[in-house]
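Engineer: My questions are about this predicted structure, shown below with the sequence.
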Amino acid sequence: MRITNPQSAMNEGGAPMKPGSVTAAIRSSIEKSVTRHRAKISEVNQKIWKNPQVAWHETIAHDTICSYFESLGGDYKVVRGAYSIPTSFSVNVGTGGRLVVFNAEYDALPRMSADRQSPAHACGHNLIASASITAFICAWEALKARKAKGRLRLLGTPAEESGGGKVRLIKAGAYSGVDACLMVHPSPKFEDRPEVDVVALTSTLASQALTATFTGKSAHAGLAPWRGINALDAAVNAYVSVSTLRQQLEPSNRVCGIIKEGGRAPNIVPDHAVLQYSIRGPTRDKLTEVYEKIALCCEAGASASGCRVDIHSLGAYIDLRANHTLCRLLTKNLKDFNVVAEYQLPEMTAGAASDQGNVSYACPCIMSAFAIDSGTAINHTPGFTAAAGTSNAFLRAVSCGKGLAAVAYEVLMDEAVAKEVAAEFSAGVKEKVAALLADRGLKTTTEVLSEVVLVQSDTEIFEGLLTNKVEALPMSVGLVVAVDGFTKALESIVGEGMPESYKL
């Protein structure tokens with residue numbers, strides 16, 4: 001990272017820092033932790049980068065990280081295969097107080113090696129894991145040295161690229177009661193500001209995958225083609241319709257598709273064809289709107305060719321709503337560690353999607369961007385794979401880890417900071433709850449939102465919204481959501497007679 005002027009341990013005007021603030025002594029503690037652990041973390045980073053595995057198969061990364069923390073001793077409580085997900089893990093430290101989670105991603109992309117034959121870390125998820133490991137250790141050692149209350153968790157989050165690992169973790173309760181969730185993500189250098197190393201406030205698009213499977217009837221293409229029903233024609237009709245639709249889509253929407261299967265041989269009328277689309281929009285509702293139009297195009301293509309179409313979708317990635325308070329804290333702390341950081345670059349536009357967006361609806365979180373020297377290569381290319389394996393990229397991830405550790409320390413130690421983070425998240429909790437419910441199939445976010453009523457309640461509430469144990473009232477009656485700090489749950493006011501169909 002580049003060097004800027006060091007910041008003093010005083011507030012503006014020369015006033016002493018608050019007790020929970022990150023002082024020069026805390027920064028020194030973090031730096032010493034980095035010095036002690038950097039070499040071993042680098043070995044973990046290289047092991048992950050050299051052994052890339054795709055979504056749900058990240059056994060080497062899982063085992064490498066778990067074994068590393070088991071080697072560090074009794075402080076670290078390691079759970080392999082956490083939350084009933086074989087390649088997830090959790091490492092927990094501390095007692096009492098608030099809880100901060102660091103997300104560690106480590107899945108690779110298929111066919112992104114230099115020869116395009118093998119998986120590779122073309123999005124730099126090895127660096128995400130390294131930054132979070134660094135932050136987790138540094139924050140814990142600073143907290144432990146002061147015998148302070150507070151809990152930290154390093155959470156292994158597999159299958160970000162395809163599969164929605166964090167979506168499953170949310171439903172399993174991994175983010176229940178979390179006061180802040182922190183991570184960073186590598187990117188190429190920021191085009192208009194190449195001197196900047198980190199941008200704290202970022203956003204992502206909402207995203208959903210659609211697969212359309214067309215079924216027709218095979219026939220000999222030369223002897224009796226009229227006896228066939230051409231599934232490939234149906235897929236092509238749909239593909240062309242979607243391409244035409246793009247003219248009427250807003251610039252913030254993205255529709256990317258391929259014909260995955262289109263027949264077995266040219267002399268056989270194809271009876272089977274498959275289209276796959278990745279659909280993105282600025283919000284969950286905009287995504288749903290575009291998704292429905294794509295589905296209509298597929299149905300029309302099938303109808304025109306006399307085929308049957310089956311449309312299947314995976315759970316949506318919701319747009320990222322980063323916590324501005326956490327972003328400001330990260331900017332400040334990175335600058336104190338001599339990192340060139342900006343709170344925001346207005347010229348940056350969202351194009352990517354991530355299941356971290358779903359997390360931002362479950363608890364306060366960030367996914368800040370840090371630049372690595374990848375030349376002209378961007379994410380999801382073999383050139384970025386090579387850059388993600390360099391020592392310079394690793395050191396940049398470690399520098400980010402220092403800032404994340406400092407933010408975690410403040411959230412755990414400073415009551416005012418924690419309340420500000422919580423207040424910002426709670427200000428939009430109604431919309432977040434509605435989006436999570438909509439993602440479970442209960443109409444659109446807007447429709448659900450019109451039925452949600454927020455109440456403050458001192459009665460017993462439970463975190464079922466995040467663990468699939470909540471019962472929702474019929475839409476005609478309305479949904480009541482109890483809000484208590486970070487706990488977002490449906491209050492159990494229904495009593496007896498809840499229709500089974502309304503259980504989430």
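Structural biologist: Right, received. Where do you want to start?
Engineer: So which residue is smack in the middle of this protein?
Structural biologist: Nearest to the geometric centre of the chain sits Gln356, at 2.0 Å (C-alpha atoms, centre = their mean).
Engineer: hey, where'd the helices end up in the protein?
Structural biologist: Along the chain, the stretches classed as helices by DSSP state H are 24-50, 59-71, 125-145, 165-171, 231-245, 284-305, 324-336, 356-360, 382-388, 391-413, 415-427, 429-439, 445-449.
Engineer: Ala386 contacts Ala114, doesn't it?
Structural biologist: Yes - shown here, Ala386 and Ala114 form a contact pair, counting by C-beta atoms under 8 Å, at 7.4 Å. Yep, even glycine has a C-beta here, placed from its N, CA and C like the rest.
Engineer: Which of these two has more residues huddled nearby?
Structural biologist: Ala386 (18 against 11; other C-beta atoms under 10 Å).
Engineer: Tell me how far the more buried one lies from His121.
Structural biologist: Computed as C-beta to C-beta, to the nearest Å, the Ala386 to His121 distance reads 10 Å.
Engineer: Repeat that for Val78.
Structural biologist: 23 Å.
Engineer: Compare the two and say which is more crowded by neighbours.
Structural biologist: Using other C-beta under 10 Å, the more surrounded residue of Val78 and His121 is His121, with 31 against 17.
Engineer: still on that earlier bit, the residue nearest to the centre of the chain is in contact with Leu320, isn't it?
Structural biologist: Yes - judged on C-beta under 8 Å, Gln356 makes contact with Leu320 at a distance of 5.9 Å.
Engineer: what touches both of the two?
Structural biologist: Residues touching both Gln356 and Leu320 by C-beta atoms under 8 Å, 6 or more residues apart in numbering: Thr204, Met367.
Engineer: Who is Arg153 paired with across the strands?
Structural biologist: Under DSSP bridges, the beta-bridge partners of Arg153 are Asn92, Val101.
Engineer: From Phe384, how far out is it?
Structural biologist: From Arg153 to Phe384 the distance is 29 Å (C-beta to C-beta).
Engineer: between these two, who's got more neighbours?
Structural biologist: Shown here are Arg153 and Phe384; by other C-beta under 10 Å, Phe384 has more neighbours (26 against 22).
Engineer: List the residue ranges of the stretch 1-150 of the chain that fall below the pLDDT cut-off.
Structural biologist: 1-20 (pLDDT under 70).
Engineer: right, and Ala408 touches Val100 too?
Structural biologist: Yes - the pair Ala408 / Val100 is scored as a contact, 4.3 Å apart, by C-beta under 8 Å.
Engineer: so what's in contact with the two at the same time?
Structural biologist: Joint contacts of Ala408 and Val100 (C-beta under 8 Å, 6+ apart) are Ala139, Leu152, Ala180, Leu182.
Engineer: Can I get those residues in TSV including distance to Ala104?
Structural biologist: Shown next, in TSV, are those (distance: C-beta to C-beta, whole Å):
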residue	distance to Ala104
Ala139	14
Leu152	13
Ala180	15
Leu182	11
